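S.K.: Got a predicted model here, sequence first, then my questions.
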Amino acid sequence: MERSKRTIGREAYADRSGKISWPVRLAYAGGDVACNVVFGMIGTLLTMFYTDYALITAGTIGIIMLVSRIFDGFSDVIMGIIVEKTHSRFGKARPWLLWMSIPFCLSAVLLFTVPGVGVKGDPWYKVLYVFITYNFCTTVCYTAINLPYGTLSTLMTDKSYQRDMLGNVRMGLSPLGKIIAVVATLPLVKLMGNNQMAWAKTMSIWATVAFILLLMNFLFCKETIGVDKKNAIPSKNRAIEKINAIKTNVRVNDEKIDYKIRKIYLKNQYKDQLFNIKWFSKNQSRDYIKEKKTQALESYKEKLKVLHAKHFNKVNDIKGLKNKLPMGRALKFLVKNKYFWLVLLLWMFQSVSFGVVGTILPYFCKWVIHDENLYSTLFLVETLTLVAGVFACMPLVKKVGKRNLALIGSVIALAGQVAYIFNAKSVGMIYMSCVVRSIGLAPLNAVVFGMLGDVVDYGHWKNGVRQESFICAGGSVGTKLGSGLSSVLITQLLQLAGYDGSRELAEGQSEKALTMITNLYIIGPIVIAAGVLLVLIFYQLDKHYDEMMDELWDTVGGEALLKHKLKEKAEKEKKGR
């Protein structure tokens, strides 16, 4: 029995990526734990360190973070281009985990070595040091390690379900990095002297943990898509390089011939369709026949576009320049991918959520509840609930769907935070809001990485191009934009409310500052949950994903079938001679 194009297409995809084992999933998740050990400190306690220990005003910190986020957006795009151009025996994303692990860990320690800590105010050397070290850590090192890390998941497997599981394990374990950094940091700082040196020593411990986890990630997680070690340009042997160049030219010419044959094949297919329409629609109206012919023509043009795009990619792949498109064309494909923008917004809201709650909660506990130690307990409860919720979502993804699961979660988070308004200063209600908020956010955390992989597939289906690094760069932009916006908003609002970080706990803050802290902690999560709900209403990719992949498999299978038939024909002609 002859196999269908779709079957061949499925097998072609299945051959490229197999099931990911649990040790590999855990090693991959360890990379995000490492990033969160550092980024967790940046997104939560760093602002308090700057205002209450380095004695820099909140407004200055807000401006530094705002300007840094502008640089950060450019660095993500630049790093996406660099990753696309990287070709090594380890792949294009994986080697960056090795190359940037030490600079990343060192940059994290430098954040907490601000000169002139005892000097109150904003002398130029303190501001300049904070600006340089903050950008070196977040704009350069964090981008250079986190963007390739996110891209790696799309290069480890092509299977949507495997990506979902990889994302679930990643998001289930990633909060452990924040738990390590946030829950244990304040007690360790107090144990080591409650000064700047204590912060630097504590960060050194977390940086060592991050380095070990990143190294494990590099060793266990391998790229299986698009890695062609035979075509990697050797750095030492010039003779082998010349031989490979000759082979490359031959293969490029073969691809050009195949491209012309496939164009003829598609044209003949179109002619057959027109003949069938004419033959089998004799009794139909002219409008019906005209409509069918128009549909056949549009289908033919669309297939030609896909064929041209794939031929372009294959030739560049042979040359060792996989997916290298002109910048304008690559950005055009990215901009036209509507689901890319929706997932970018989801990433941003997710990051804003962590930023608002993580940054304002220590201020809320210290100045409103008058119990600084409560912060570590609340953060631990909220994070552990989030971890449990993410793992609980794993069996529900297939049954409910990624979008529907996240939609239900956003409704739960919104309802829980609204209920919290009625008794905001009750410790019991604070615990309740933390738990319900985590349960509501868990589905989005569980599926957002799977959504990112689906967006890559959507772009491949629509444009014939896989843009893993560009799309993951967009996700990184969303994360940093969300974190930056939340940090800037909080610091500027605190400054406007007259917050003074140099005050002792017994002195307290002004009534206006206390009201601002309370409102940020209560209203912020409501706005975030409502934003997530609105975005998910417009996200409809889940409904069309299976149909989309069937069409993609048809295309892949059709090409494989045509190649097989052409090969058979060539062999018969050779035997005939």
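M.R.: Received, thanks.
S.K.: Any stretches of the stretch 151-300 of the chain with poor pLDDT?
M.R.: Along the stretch 151-300 of the chain, segments meeting pLDDT under 70 span 160, 226-259.
S.K.: all helices for it, in order.
M.R.: Ranges of helices in the stretch 151-300 of the chain, per DSSP state H, counting those that start in this stretch, are 160-173, 175-178, 184-191, 196-220, 238-280, 286-318.
S.K.: And those: which comes nearest Gly450?
M.R.: helix 160-173 (3.8 Å; CB to CB). Using the backbone N, CA and C atoms, a C-beta is placed for each residue, glycine as well.
S.K.: List the buried residues in that closest one.
M.R.: 160, 162-173 (16 or more other CB atoms under 10 Å).
S.K.: Domains in this structure, by residue range?
M.R.: For the chain, automatic domain parsing gives the domain ranges 18-226+330-551, 236-321.
S.K.: Leu46 contacts Val130, correct?
M.R.: No: between Leu46 and Val130 there is no contact under CB atoms under 8 Å: 9.9 Å.
S.K.: So between these two, which is more surrounded?
M.R.: Taking neighbours as other CB atoms under 10 Å, Leu46 and Val130 compare with Leu46 leading, 27 against 23.
S.K.: tell me the contacts of the nearest residue to that one once chain neighbours are set aside?
M.R.: Using CB to CB, 6 or more residues apart in numbering and skipping residues adjacent in sequence, the residue nearest Leu46 is Leu111, 6.5 Å away. By CB atoms under 8 Å, 6 or more residues apart in numbering, the contact set of Leu111 is Met41, Ile42, Leu46, Thr133, Tyr134, Cys137, Met203.
S.K.: what about 7 Å?
M.R.: Leu46, Thr133, Tyr134, Cys137 (CB atoms under 7 Å, 6 or more residues apart in numbering).
S.K.: pLDDT at it, what is it?
M.R.: At Leu111, the model reports a pLDDT of 93.
S.K.: Could you measure from it over to Thr133?
M.R.: Taking CB to CB, to the nearest Å as the measure, Leu111 falls 5 Å from Thr133.
S.K.: And for Gly428?
M.R.: 41 Å.
S.K.: So if I had to pick from these two, which one is more boxed in?
M.R.: Per other CB under 10 Å, whichever of Gly428 and Thr133 has more neighbours is Thr133, with 18 against 8.
S.K.: List the buried residues in the helix or strand where that one lies.
M.R.: Secondary structure from DSSP states H and E places Thr133 in helix 124-135. By neighbour count with 16+ other CB under 10 Å, helix 124-135 contains the buried residues Lys126, Val127, Tyr129, Val130, Phe131, Thr133, Tyr134, Asn135.
S.K.: So which elements touch the helix or strand harbouring Val109?
M.R.: Element membership for Val109 (DSSP H and E) is helix 101-110. If you count contacts as 3 or more CB pairs under 7 Å, 6 or more residues apart in numbering; DSSP states H and E, helix 101-110 packs onto helix 196-220.
S.K.: Return the distance of the helix it packs on from the chain's centre.
M.R.: Relative to the chain's own centre, helix 196-220 is displaced by 22 Å; criterion: CA atoms, centre = their mean, to the nearest Å.
S.K.: Can you name the residues in contact with it?
M.R.: With CB under 7 Å, 6+ apart, helix 196-220 has contacts from 23-24, 27-28, 30-31, 33-34, 37-38, 41, 49, 53, 94, 97-98, 101-102, 105, 108-109, 112-114, 117, 180-181, 185, 188-189, 192.
S.K.: Now do the buried residues in that helix.
M.R.: 196, 198-203, 205-207, 209-211, 213-218, 220.
S.K.: buried set for stretch 485-501?
M.R.: 485-495, 497, 499, 501.
S.K.: again, but for stretch 75-92
M.R.: Result for stretch 75-92 [16+ other CB under 10 Å]: buried residues Ser75, Asp76, Val77, Met79, Gly80, Val83, Glu84, Thr86, His87, Phe90, Gly91, Lys92.
S.K.: Counting only helices, which of those make the cut?
M.R.: With DSSP state H as the criterion, helices contain Ser75, Asp76, Val77, Met79, Gly80, Val83, Glu84 from among the buried residues of stretch 75-92.
S.K.: OK, contacts around the fourth one?
M.R.: What it means is Met79. Contacts of Met79 by CB under 7 Å, 6+ apart are Thr143, Ala144, Leu147, Ala473.
S.K.: Apply 6 Å and report the result again.
M.R.: By CB atoms under 6 Å, 6 or more residues apart in numbering, Met79 lies in contact with Thr143, Ala144, Leu147.
S.K.: and His370, how many residues sit next to it?
M.R.: 11.
S.K.: which SS state does the closest residue to it other than its chain neighbours fall under?
M.R.: Spatial nearest neighbour of His370, chain neighbours left out: Leu505 (7.3 Å); criterion: CB to CB, 6+ apart. For Leu505, the assignment made with DSSP: H, G, I helix; E, B strand; the rest coil gives coil.
S.K.: For Asp371, see how far away Leu505 is.
M.R.: Taken as CB to CB, the span from Leu505 to Asp371 is 10 Å.
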